[in-house]
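Chemist: Next input, structure requested:
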Amino acid sequence: MMGRLLIFMLLYVLCGFGTIVSAADKDPEFDRDQPIEIVSQHLEMSELQRQSIFTGEVVAKQGEMTLTTDKLTVVFEQDQDVVDHLVALGNVKVVYLDRTAIAEKGVFYQLEEKLILTGNAKVTQGENTISGDEIILFLKENRSLVKSSENHRVRATIIPEKKQDKK
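Modeler: Modelled structure (predicted):
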C-alpha cells in the first residue's frame, strides 16, 4: 500500500509538470499494478512514531518510474495502514519517461494531494525546464506554484515544438 502511494504521488508530480513545460501528447497509461521495489541500505520502523525510514542510497522503482534519494520517511496516521505524508530528503530525483524532477527535499501530503519540492527544485521534460526555490503541486486542482527567494528568480525554458513540414 505504502509503495503504491509513493509511486502514485511521483507519477502525478511528473505528469503535472508535463503540462507546465510542454503541451506534449498524452503519455501511455501508467500501470499501478506493477510490483514496487524499494532498495536501501537500512530500514527502521517505529510503531510508536508511526513511521518507516529508508536510508542509504534509496531507490524506489515501479515500471518506468524511479525515485532516488538519501532518505525516505513514510509517516502513518493513527491507523497504521493509512499514510499521512512522505518525506524524501537529500538528492531527491524522480524519473518517469522523459521527465525528471530534482530537489533537496520532497514532501507529499496524501489527504491534501499536495507535493512540495524545495531546495534547488527543478523539473525537466526533454529540453524544457522550470526551476525555483520551491515548487508546489496541488494535484486535486491540477495547479502548480513555483516560488523563489528575493535573491533568486523563477526560471523557465520552453522550447517550441518544431512544426512538421507539410508536403
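
Chemist: Indicate each strand paired with the lengthiest strand in the chain and its parallel or antiparallel sense.
Modeler: Longest among the strand segments of the chain by residue count, using DSSP state E, is strand 83-96. Using DSSP bridges, the neighbouring strands of strand 83-96 in the sheet come out as strand 65-76 (antiparallel), strand 99-109 (antiparallel).

Chemist: Give me the contacts around the longest one.
Modeler: Applying Cβ atoms under 8 Å, 6 or more residues apart in numbering, the external contacts of strand 65-76 come out as 2, 6-7, 10-11, 14, 30, 38, 40, 50-61, 82-96, 106. In this view, the C-beta of every residue, glycine as well, is placed from N, C-alpha and C.

Chemist: Give the rounded mean pLDDT of that strand.
Modeler: Looking at strand 65-76 alone, the average pLDDT works out to 89.

Chemist: can you give me the helices for the chain?
Modeler: 2-21 (DSSP state H).

Chemist: low-scoring pLDDT stretches of it, where are they?
Modeler: Counting by pLDDT under 70, the chain contains low-confidence ranges at 1-33, 35-36, 80, 163-167.

Chemist: give the contact list for the nearest residue to L72 once chain neighbours are set aside.
Modeler: For L72, ignoring the flanking residues on the chain, the nearest one in space by Cβ to Cβ, 6 or more residues apart in numbering is F54 at 4.4 Å. Residues near F54 by Cβ under 8 Å, 6+ apart: I38, S40, H42, L43, K71, L72, T73, V74.

Chemist: same check, this time on V146
Modeler: Taking Cβ under 8 Å, 6+ apart as the test, what V146 contacts is A121, I130, S131, G132, E134, I135, I136, V154, A156.

Chemist: ok, of the contacts of F54, which one's closest to L117?
Modeler: Sorting the contacts of F54 by distance to L117 puts L72 at the head of the list, at 14.4 Å, by Cβ to Cβ.

Chemist: Okay then, goodbye and thanks.
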